[in-house]
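In: mind folding the following:
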Amino acid sequence: MIVVAVALVGASCGGGGKKQLDKEHYASALTKLCLLGSDQVRELHVDNTVAAWKHAGDELVKIEENFQKKFDALTPPDEIADAAREYRDANAKVLEDTRDAVSAAKDGDAAKLLAALQKSNTDNQDTWPPAQEIGATGCFPG
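Out: As a prediction, this is how the structure comes out:
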């Protein structure tokens, strides 16, 4: 399984209005988003091949875009607002890496696909420290 899956998320919570949550509820909502997204990605059974990314790439992008939409609907408390912003910025890079991977796969370029996946893995790791600060245990390994 590709590491990009850790940051790819789509979810069933976080919709509706932008109500500010306390830290515990914000962390819980983000954890649910991450776990659901990871499950959705895992169900696609995507490996690092051009064929797999051609087949499932658009769905991977949709999962990430849905996550980003649900995440953006959450309003963090002031005490973790900086961490939430860092998490969002890092996750936006992962989304862009995923788009690059899909583009490379559609072009049949295995070298560019692997480069995009490696960049995604690195960018994904940048989501872990802010996720830890938030307390979103489902958004980082460990």
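
In: the most far-flung residue of the chain relative to its centre - nearest residue in space that isn't next to it in sequence?
Out: Residue farthest from the centre of the chain, counting by Cα atoms, centre = their mean, is residue 108 at 24.2 Å. Leaving aside its chain neighbours, residue 108 sits nearest to residue 50 (5.9 Å; criterion: Cβ to Cβ, 6 or more residues apart in numbering). Bear in mind the C-beta positions are built from the backbone N, C-alpha and C, glycine included.

In: surely that neighbour and residue 110 touch.
Out: Yes - with contacts counted by Cβ atoms under 8 Å, residue 50 reaches residue 110, the gap being 5.2 Å.

In: got any residues that touch both of these two?
Out: Both residue 50 and residue 110 are in contact with residue 104, where contact means Cβ atoms under 8 Å, 6 or more residues apart in numbering.

In: looking at these two, which one has more neighbours?
Out: residue 50 (19 against 15; other Cβ atoms under 10 Å).

In: what's the distance between the more buried one and residue 105?
Out: 5 Å (Cβ to Cβ, to the nearest Å).

In: give me the common contacts of the two.
Out: residue 113.

In: the residue farthest from the centre of the chain belongs to a helix?
Out: No - per DSSP: H, G, I helix; E, B strand; the rest coil, residue 108 lies outside any helix segment and is coil.

In: I figured it hits residue 51, correct?
Out: No - with contacts counted by Cβ under 8 Å, residue 108 stays clear of residue 51, the gap being 9.6 Å.

In: who touches both of these two?
Out: Common contact partners of residue 108 and residue 51 (Cβ under 8 Å, 6+ apart): none.

In: beyond the helix or strand bottoming out on mean pLDDT in the chain, next helix or strand please.
Out: In the chain, the helix or strand scored least confidently by mean pLDDT, DSSP states H and E is helix 4-7, which has a mean of 41. Downstream of helix 4-7, the next assigned helix or strand under DSSP states H and E is helix 23-44.

In: and that following helix, which residues are buried?
Out: Within helix 23-44, the residues scored as buried using 16 or more other Cβ atoms under 10 Å are 26-38, 40-41, 44.

In: which helices and strands sit right next to that helix?
Out: helix 4-7, helix 50-72, helix 128-134 (3 or more Cβ pairs under 8 Å, 6 or more residues apart in numbering; DSSP states H and E).
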